[in-house]
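>>> would you be able to build a 3D model of this:
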Amino acid sequence: MYSTDLLGFFAVHGGDATPAVAPTTPSNNKCFKIAAFTRPTSHNRVNLKSDKALTPCCYSADSNTDVFSVTSSNKSDVDYLGESTKGDLNVKSEHLEAFGIDGHGALEGPIEEVARSEARQAEDLLKDLGIPVSPSSSRESPRGIFCSRTLNLRSISAIGYDMDYTLIHYNVVAWEGRAYDYCMENLRNMGFPVDGLAFDPDLVIRGLVIDKEKGNLVKADRFGYIKRAMHGTKMLSTRAVSEMYGRELVDLRKESRWEFLNTLFSVSEAVAYMQMVDRLDDGTIPSDLGPLDYKGLYKAVGKALFWAHVEGRLKSEIMSKPELFVEPDPELPLALLDQKEAGKKLLLITNSDYHYTDKMMRHSFNRFLPNDLGWRDLFDIVIVSARKPEFFQTSHPMYEVVTGDGLMRPCLKAQTGGLYSGGSAQMVENSLGVHGDEILYVGDHIYTDVSQSKVHLRWRTALICRELEEEYNALIGSRSYRESLVELINQKEVVGDLFNQLRLALQRRNRDRPAQTLAATNMNDEDLTDSMQKLLIVMQRLDKKIAPMLEADGELFNSRWGFLSRAGLWDKSHLMRQIEKYADIYTSRVSNFLHYTPFMYFRSQEQNLAHDSYTYYCSQLNNEHSS
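Numbers count the residues shown, from 1 in each chain. Here you go, the predicted model:
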């Protein structure tokens, strides 16, 4: 990420700041106290345990460089976007005059021109130091962080992280493949016919919904209308989907029927269930297992997978050979170091048990940290066996893990550096002295991690969805295809509008009423019907070309289900609606934070409304008429 190893500290009030690099304090600028800091590489390791490794000058005891102040919680206000100004860096009043705040200094002039000039100078400085000028290039890449709701990282005091598929990304084929194998083994022991079945990770994607009443897997749009469906392992036609569901909506509150695939952990279960639906339909499931319907079959598959986890063999296998299941990310520890050194309290809150958590975190973090740092040094509080989502909803007893063997003792309050089991989010808030929107929680599960922490505690939220990288690239790769498809649809719309006008003229003439115009009223019937016939044939031919192209849209991502975030050419999927509703920001991996800074101000994009294009079109027409 960084082309140089020496890092200093630079932040500005009101905008994102990028870490600046300089071996010595610039002679023409006394606003920095540079603390030499070396990024860990294979040839260059340093001790980062000292809290003086990276020191902002506003904390310095040296009065000559003590020029900044940080807005505290009790003095913070809200900015023009309604975000807290807590954590903003400010120039102290005694230093303002030198920079033209009175109108006669170095920053004198129209503020728009001053802003452009100072931005150019800052960009030149950063380029000289070999630091990326801005995160704009990251935003426009598969590794971008995308914003649904404006979020000011400077006002965040604590950042909590889930572990599985968040801090640690598993190889889906390997991890879910083994979960599937254990599930099938248990189903065989229960008497189910599983011979000849194999794990097919392309059969399902995150964000689909299992209909336990009909034995279907469905994809819904943002309103809950079902757009695609699969019965067993066979995709249903558009007509079959329409006949089966009509105007029926997916309602995730009806948990007895609908099961939302929130996370990649759902892949093995969904694949096993859809394959067993085929076995139930073809009558190969023995009758002595009892009268099974699709809902009972789902329960049996869930039980088999549950025992695969409870028995412990799956996790034991992963712990014995983590390199086969975990995809390493060397940038991840550095991203967390930046956040910690910026003053953020870091939390690890996972449902995994202590032994599994310790083994996985050691494997994934310790080798990428400076030589005397371990993964525990990154986190102010670690909570294992958290029992999410109940962790965010209610209070449970908390225990301190006091030995390497996992022995525990009851405790009432978490302390910095502690390792705990159970407890509740409210206990964490009380221990840290921070609450609500001062905390950002990062996880991969829409419900367990993101929606519950927001709904019950008003924490800010970030969703990790690794598939975004593949979808982003697929969207880029299919850009010309989608443009051609849109052009065809636009052509049909033009032809259709013309046809409808002629149809209305014919309708009025047949009712012995004047058509839209005198010329249309007097038009020869043969000319009218001839033109309508031609237009109708054109539309039918366009439909024959458009329909298969719509069906194939998204095949670069998944041949059955299309894109993760879309349900149709323009509409959002039910998953995307959930993400926008509950996740303030979303991205493919935690290490993407390294491409930004811990002081980033994420601003949500303009939300286009249906009538926005019309107002733009009208303004263009007005400009043409006035010129």
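>>> CA atoms for contacts and neighbours, from now on please.
Will do.
>>> which pLDDT does the model give Gly312?
Gly312 carries a pLDDT score of 83 in this model.
>>> give me phi/psi at it?
phi 90, psi -10 (degrees, to the nearest 10).
>>> where in the stretch 1-150 of the chain is pLDDT low?
By pLDDT under 70, the weakly predicted segments of the stretch 1-150 of the chain are 1-65, 97-105, 134-139.
>>> at 90 what do you get?
1-70, 72-84, 87-141 (pLDDT under 90).
>>> tell me how far the residue of the chain positioned farthest from its centre lies from Glu438.
Distance from the centre of the chain peaks at Asn522, with 60.6 Å (Cα atoms, centre = their mean). Distance of Asn522 to Glu438, given as Cα to Cα, to the nearest Å: 72 Å.
>>> wait, Phe602 touches Asn152, no?
Yes. Here Phe602 reaches Asn152: they are 6.0 Å apart, a contact under Cα atoms under 8 Å.
>>> which of these two has more residues huddled nearby?
Taking other Cα atoms under 10 Å, Phe602 and Asn152 do not tie; Asn152 has more neighbours (23 against 20).
>>> contacting residues around the more buried one?
The neighbours of Asn152, taking Cα atoms under 8 Å, 6 or more residues apart in numbering as the test, are Glu83, Ser84, Phe599, Met600, Tyr601, Phe602.
>>> and of those, the nearest to Tyr180?
Lowest distance from Tyr180 to the contacts of Asn152 (Cα to Cα) belongs to Phe602, with 39.1 Å.
>>> mind checking how far the nearest residue to Gln393 once chain neighbours are set aside is from Asp437?
Residue nearest to Gln393 in three dimensions, not counting chain neighbours: His456, with 6.3 Å by Cα to Cα, 6 or more residues apart in numbering. Relative to Asp437, His456 is positioned 12 Å away (Cα to Cα).
>>> the two - which one has more neighbours?
Set His456 next to Asp437 and count neighbours by other Cα under 10 Å: Asp437 wins out with 20 against 13.
>>> can you confirm the residue nearest to Gln393 is in a helix?
Yes. Counting by DSSP: H, G, I helix; E, B strand; the rest coil, His456 falls inside a helix.
>>> need the per-residue pLDDT for it.
95.
>>> ok, now Glu429?
On the pLDDT scale, Glu429 is placed at 95.
>>> the residue nearest to Gln393 and Asn371, how far apart?
40 Å.
>>> and if you look at Met523?
Distance of Met523 to Asn371, computed by Cα to Cα: 89 Å.
>>> any idea which helix or strand carries Thr159?
No, residue 159 isn't Thr; it's Ile. In this assignment (DSSP states H and E), Ile159 forms part of strand 158-161.
>>> could you list the domains of this protein?
Taking the TED database as the reference, the chain has its domains at 109-140, 158-168+326-465, 172-322, 478-563.
>>> how far is the first one from where the chain is centred?
If you compare the mean C-alpha spot of domain 109-140 with that of the full chain, they lie 28 Å apart, counting by Cα atoms, centre = their mean, to the nearest Å.
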